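Colleague: Using only what follows, build the 3D model:
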Amino acid sequence: ATAPAIAERCRIPVRSARALADLLVPTGLLEHDGERYRNAPDTEAFLAERGPLDMRPMLTYWDLVSYSAWSRASTAFRTRQGVRGEITEEQVQAYEASVALVTAETAVDLAKAYDFNPHHRVLDVGGGIGTFAKPLLTAYPHLTATLLDLPEVVAVAREAVAGDAFADRLDLVGQPPVTA
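Modeller: Here you go, the predicted model:
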């Protein structure tokens, strides 16, 4: 795309789009051909949802959750007090999608490595959006599962599993943290 097309799509000024694209060329994320920019091979493979692994959920997590927390880390270290306030639903979604990305392969491996046939029910404590429960329920049609997590996470999980074939076999339970 040209810089004006990138600017329109990103809703930023053309000058900013051109500057950003020109900065991404030497990093190897974009290639420049005359007035047009295109994804470099690695960008196409990992950041465009067309390759073997889509890393965009991790980048969204870093943007919405991680970097903002780390920007206040020195205050936390000096005062010994937490600096992160309430997290938004968008931040919960970003975090859970990032964790799912990182653990998806392990979850599939678990379903293959352990024989769940003798079991009828699985309890997934801190199950997020069902990253581990989904492969188990897919591989073992007789299983049912209960996923236990924080209420705000369960709300996101409900959306993530709503259309899945096994949704009727997965109970989602939101439990607030226990405080002493």
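Colleague: switch to C-alpha atoms for all contacts and neighbour counts from now on
Modeller: Will do.
Colleague: residues in contact with the closest residue to T131 other than its chain neighbours?
Modeller: Of all residues not flanking T131 in the chain, A100 sits nearest, at 5.5 Å (Cα to Cα, 6 or more residues apart in numbering). By Cα atoms under 8 Å, 6 or more residues apart in numbering, the contact list for A100 reads 128-129, 131.
Colleague: Can you tell me how far A100 is from Y61?
Modeller: From A100 across to Y61, the span is 11 Å (Cα to Cα, to the nearest Å).
Colleague: any chance you could map the strands in the chain?
Modeller: For the chain, the strands defined by DSSP state E occupy 30-33, 36-39, 121-125, 144-149, 170-174.
Colleague: now those as a markdown table including mean pLDDT and distance to R18?
Modeller: Shown next, in a markdown table, are those (pLDDT from 0 to 100; distance: least, Cα to Cα, whole Å):
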| stretch | mean pLDDT | distance to R18 |
| --- | --- | --- |
| strand 30-33 | 94 | 11 |
| strand 36-39 | 95 | 9 |
| strand 121-125 | 96 | 47 |
| strand 144-149 | 95 | 44 |
| strand 170-174 | 95 | 46 |
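Colleague: Could you dump these into CSV with distance to A104 and mean neighbour count added?
Modeller: Shown next, in CSV, are the strands of the chain (distance: least, Cα to Cα, whole Å; neighbours: other Cα atoms under 10 Å):
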stretch, distance to A104, mean neighbour count
strand 30-33, 28, 16
strand 36-39, 26, 17
strand 121-125, 15, 15
strand 144-149, 16, 21
strand 170-174, 18, 19
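Colleague: P141: how many residues sit nearby?
Modeller: A count of nearby residues for P141, using other Cα atoms under 10 Å, gives 12.
Colleague: please begin residue numbering at 278 from this point
Modeller: Yes, from this point I'll number from 278; that puts the last item at P418.
Colleague: quick one: the residue nearest to T408 from L300, how far?
Modeller: 31 Å.
Colleague: and if you look at A317?
Modeller: 13 Å.
Colleague: re earlier: out of the strands of the chain, nearest to W347?
Modeller: Nearest to W347, of all the strands of the chain, is strand 421-426, at 24.6 Å by Cα to Cα.
Colleague: May I ask which helix or strand of this structure has the lowest mean pLDDT?
Modeller: helix 344-347 (a mean of 80; mean pLDDT, DSSP states H and E).
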